[in-house]
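Enquirer: Quick check, what structure comes out for this input:
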Amino acid sequence: MIRNVVFMGTPDFAVGTLQALIDSPDYEVRAVFTQPDKARGRGKAMQMPPVKETALAAGIPVFQPEKIRERQWLEELKRLQPDVIVVVAFGQIIPKEILELPPGGCINVHASLLPSYRGAAPIQWAVINGDRESGVTTMWMDAGLDTGDMILKEVVPLAPDETGGSLFDKLSAVGAKLLLRTLEAIGDGTAQYEPQPQESPTPYAAMLTKKDGRIDWAKSAAQIERLIRGLNPWPSAYTTYRGKTLKLWAAEVQADAGAAAGAAAPGTAAEVTKTSLKIQTGDGLLSILEVQPEGKKRMPVDAFLRGYQVLPGERFGEEMSGAPIP
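Expert: Sure, this is the predicted structure:
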């Protein structure tokens, strides 16, 4: 029987699963482990992880280890006597001694259809790569990186306009329900554990950085449009214009976006009207719909064009003049 739970998680994605455990009458969340508070924003004010806020609101003890592998945390977990440890985007590698501690194992909620997209950023990469579906997998954790035996999966189709943010919300909700089904199956002895193949069919979904958002205009319009959606809302896709950073939040691939003979160089403003801006890429034109100039708010492209009067032939993506990465 599964009753006592310790939860390990940090970001918004993990909050839905933690709340589902809190709301369920079948489980008692004895403690939450999360990453330490961090200084954020221009004022560098200390900010709690979203999981910590949820736990404190429910009166659950919170631990914030710098390194979960330190001996004191193993001893604390032994004291808590969890039947199972639930792990959702915790952000640290869990040592073997902890993985083997609870009788129900350490159960991970992973935002991909394993073995695809092992790694820290499966949601964004699914959008960037143009996948038609994603999903959630629950997994019995082992010492590898997202390589443990799979338990349950649920497929989630991607909408044509899917963003990293919208898929994040969908998978978070699916993951919370899937975790409860998984714990029920483990508790009643009906859970089936499917070993993963050694190799993943997709590259490792590495953690994204702000540098990953810089647009390479030599890529196709379709690739760039997917990058813009995949990195919305974080870390965001961006280019440069007149020496400053310009974030791109929405765009459309032109229906006739084949590479034309004699086309302008990638990054060139190929077509400009009062209400539209089309930029040449390595393959086709990309119509820009929503942007954010450096130091300003997001705006539709017609508002941007009124303020900046882009000229046909101007280049986007030139080297920045000492401007910081956004």
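
Enquirer: So which elements touch the helix or strand of the chain with the lowest mean pLDDT?
Expert: The least trusted helix or strand in the chain, going by mean pLDDT, DSSP states H and E, turns out to be strand 38-40, with a mean of 84. Judged by 3 or more Cβ pairs under 8 Å, 6 or more residues apart in numbering; DSSP states H and E, the packing partners of strand 38-40 are strand 45-47. Every C-beta, even on glycine, is put in place using the N, C-alpha and C of the backbone.

Enquirer: ok now the strand it packs on, how far from the chain's centre?
Expert: 22 Å (Cα atoms, centre = their mean, to the nearest Å).

Enquirer: residues in contact with it?
Expert: Strand 45-47 has contacts (Cβ atoms under 8 Å, 6 or more residues apart in numbering) with 37-41.

Enquirer: ok, these vs residue 147, which is closest?
Expert: Of all the contacts of strand 45-47, residue 38 has the smallest distance to residue 147: 28.6 Å, by Cβ to Cβ.

Enquirer: that older thread, strand partners of the least confident helix or strand of the chain, parallel vs antiparallel please.
Expert: strand 45-47 (antiparallel) (DSSP bridges).

Enquirer: can you give me the mean pLDDT across the strand it pairs with?
Expert: For strand 45-47, the mean per-residue pLDDT is 89.

Enquirer: Buried residues in it, which are they?
Expert: Going by neighbour count (16 or more other Cβ atoms under 10 Å), nothing in strand 45-47 comes out as buried.

Enquirer: What is the longest helix seen in the chain packed up against?
Expert: In the chain, with assignment by DSSP state H, the single longest helix is helix 164-188. Here helix 164-188 touches helix 12-23, strand 84-88, strand 106-110, helix 122-128, strand 133-140, strand 149-157, going by 3+ Cβ pairs under 8 Å, 6+ apart.

Enquirer: residues in contact with the closest residue to residue 119 other than its chain neighbours?
Expert: Nearest residue to residue 119 in three dimensions, chain neighbours excluded: residue 205, at 3.4 Å (Cβ to Cβ, 6 or more residues apart in numbering). Counting by Cβ under 8 Å, 6+ apart, residue 205 makes contact with 112, 117-122, 124-125.

Enquirer: Next, find the distance separating residue 205 from residue 130.
Expert: 15 Å (Cβ to Cβ, to the nearest Å).

Enquirer: So for stretch 98-118, mean pLDDT?
Expert: Averaged across stretch 98-118, the pLDDT comes to 98.

Enquirer: C-alpha coordinates for it, PDB please?
Expert: Extracted C-alpha coordinates of stretch 98-118, given in PDB (Å, rounded to 0.1, in the frame of the first residue of the first chain):
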ATOM      1  CA  ILE A  98      17.900   7.500  -2.000                       C
ATOM      2  CA  LEU A  99      16.600   5.800  -5.100                       C
ATOM      3  CA  GLU A 100      16.600   2.500  -3.300                       C
ATOM      4  CA  LEU A 101      15.200   3.800   0.000                       C
ATOM      5  CA  PRO A 102      11.400   3.800  -0.400                       C
ATOM      6  CA  PRO A 103       9.700   0.400  -1.000                       C
ATOM      7  CA  GLY A 104       7.600   1.900  -3.800                       C
ATOM      8  CA  GLY A 105      10.700   3.400  -5.400                       C
ATOM      9  CA  CYS A 106      11.300   6.900  -6.700                       C
ATOM     10  CA  ILE A 107       8.700   7.700  -9.400                       C
ATOM     11  CA  ASN A 108       9.400  10.400 -11.900                       C
ATOM     12  CA  VAL A 109       6.900  12.300 -14.000                       C
ATOM     13  CA  HIS A 110       8.600  13.200 -17.300                       C
ATOM     14  CA  ALA A 111       7.200  15.500 -19.900                       C
ATOM     15  CA  SER A 112       7.900  13.400 -23.000                       C
ATOM     16  CA  LEU A 113       7.000  10.000 -24.400                       C
ATOM     17  CA  LEU A 114      10.100   8.200 -23.300                       C
ATOM     18  CA  PRO A 115      12.500   7.100 -24.500                       C
ATOM     19  CA  SER A 116      12.200  10.200 -26.700                       C
ATOM     20  CA  TYR A 117      13.500  13.500 -25.300                       C
ATOM     21  CA  ARG A 118      15.400  12.400 -22.200                       C
END
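
Enquirer: Check what pLDDT the residue nearest to residue 119 gets.
Expert: pLDDT recorded at residue 205 is 96.

Enquirer: cool, residue 41 as well?
Expert: Listed pLDDT for residue 41 reads 72.

Enquirer: Report the distance from the least confident helix or strand of the chain to the chain centre.
Expert: Centroid separation for strand 38-40 versus its chain: 19 Å, with Cα atoms, centre = their mean.

Enquirer: Give me the contact list for it.
Expert: 45-47, 49.

Enquirer: 10 Å instead, please
Expert: The contact list for strand 38-40, computed with Cβ atoms under 10 Å, 6 or more residues apart in numbering, reads 44-49.

Enquirer: Serialize those residues to CSV and add fields for distance to residue 168.
Expert: Listed next are those as CSV, based on distance: Cβ to Cβ, whole Å:
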residue, distance to residue 168
44, 26
45, 24
46, 24
47, 19
48, 20
49, 16
